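# When you get a sec, could you give me coordinates for this:
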Amino acid sequence: MQTEIWIVVMLVFLALMFDFINGFHDAANSIATVVSTGVLKPTQAVAFAAFFNFVALFVFQLSVAATVGKGIVMPGIVDIHVVFGALVGAITWNLVTWYYGIPSSSSHALIGGIVGSVLAKSGSSALLSSGIMKTVLFIFVSPFLGFLLGSLMMVLVSWLFLRTPPSSVDKWFRRLQLVSAGAYSLGHGGNDAQKTIGIIWMLLIATGYASAQDSMPPFWTILACYVAIAAGTLMGGWRIVKTMGQKITKLKPVGGFCAETGGAMTLFLATFLGIPVSTTHTITGAIVGVGSVRHASAVRWGVAGTIVWAWVLTIPASAFVAAVAYAISLILY
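Below you'll find the predicted structure:
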């Protein structure tokens, strides 16, 4: 039996609000390096990133959306209360971390929200361990890959341009950083927008407005989610830009290029494999990797440690809020 349409519309709107917040919360991931190196002005950078966030619609398959929509929770468990709780948990954590300028994962906030709501309703047996485990695994894999690829890129570039005057290197990489920033923004849109597509797809299946047998969700959900994340990126999350672009390590265009390229490669791989990953974890790992190649002291490890604590707390904190929101929704409707 189909749920009343106004409830579905309200929850879709709430999901798109999460997607929008995801965009401005994670805009820092796409633009912090290109702004901190002075290659683009902030307003130029957010427009540039938003454009590539949307273009990702035409590049990536919906493998991440399928994981979120069908690969985390047992069929028949999700209902409007679960979706409401998941979204409230994710949005709350995003706003708290944005307010304090702490780079955290919108992806894992959403996963934590889903887990918290489902646990409140049916317990751990309702969760699909395969989807949960690969998401949790990449909490560690994505920053490590970002670190590894970012540092390897930095070593390679340093070796290739060993005898090139610094002024020439700076000139070249100011141009090349536009390519790397575009690639990272493409990967950001491709992975992050699909998480919201996945939860709307989950909602539509649960409420009878879509079938679990469908190979993909309605096109309007795809278009709306990519527009929402691009619009959020266009707004920019300046508190987090400062942390990512200035407080972890001091970047030059060559370092920004290496960090963004390493991060983009990680995002492309994860999206291809259908794994929801944190763009925040990925680019932070890449920035730390680039900084550590210069010298370990070039990285402000205290700031990096604060960010890691936010990573650790994201899933349990958003899960707790989601469980409370789930209980409240049962009372309200």
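
# What does V39 show for phi and psi?
Backbone geometry at V39, expressed as degrees, to the nearest 10, gives phi -70, psi -40.

# On the pLDDT front, check it for me.
For V39, the pLDDT comes out at 78.

# That one touches R174, doesn't it?
Yes: applying C-beta atoms under 8 Å, one finds V39 in contact with R174, separated by 5.1 Å. For the C-beta atoms, the positions are set from N, CA and C on the backbone; glycine is no exception.

# Mind checking which of these two has more residues around it?
The neighbour comparison of V39 against R174 (other C-beta atoms under 10 Å) goes to V39, with 22 against 19.

# Pull up the gap between the more buried one and G182, please.
12 Å (C-beta to C-beta, to the nearest Å).

# Looks like H108 contacts F138 (just checking).
No: using C-beta under 8 Å, H108 makes no contact with F138, being 9.4 Å away.

# so what sits against both of those two?
Here H108 and F138 share the contacting residues S278, scored by C-beta atoms under 8 Å, 6 or more residues apart in numbering.

# quick one: which of these two has more around it?
H108 (28 against 23).

# Which helix or which strand is home to the more buried one?
helix 106-122 (DSSP states H and E).

# same question for that helix, mean pLDDT?
91.

# Report all helices and strands that it contacts.
Identification of packing neighbours for helix 106-122 by 3 or more C-beta pairs under 8 Å, 6 or more residues apart in numbering; DSSP states H and E yields helix 5-36, helix 63-70, helix 80-99, helix 129-160, helix 166-206, helix 301-332.

# These into JSON lines, with extra columns for mean pLDDT?
Formatted as JSON lines, those follow (pLDDT from 0 to 100):
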{"stretch": "helix 5-36", "mean pLDDT": "84"}
{"stretch": "helix 63-70", "mean pLDDT": "88"}
{"stretch": "helix 80-99", "mean pLDDT": "90"}
{"stretch": "helix 129-160", "mean pLDDT": "87"}
{"stretch": "helix 166-206", "mean pLDDT": "89"}
{"stretch": "helix 301-332", "mean pLDDT": "80"}
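
# Touching, A47 and L234? I think so.
Yes: A47 is within contact range of L234, at 6.4 Å (criterion: C-beta under 8 Å).

# More neighbours: the two, which one.
L234 (20 against 16).

# remind me which residues of the stretch 201-333 of the chain are low pLDDT?
236-251, 294-311 (pLDDT under 70).

# again, only using 80
212, 215, 235-252, 280-281, 291-312 (pLDDT under 80).

# Spit out the residues that contact V39 and R174 alike.
With C-beta under 8 Å, 6+ apart, V39 and R174 have common neighbours P253.

# Count residues in the vicinity of the closest residue to K134 other than its chain neighbours, would you?
Once flanking residues are discounted, K134 sits nearest to I275: 5.4 Å by C-beta to C-beta, 6 or more residues apart in numbering. I275: 21 surrounding residues under other C-beta under 10 Å.

# Thanks a lot, see you next time.
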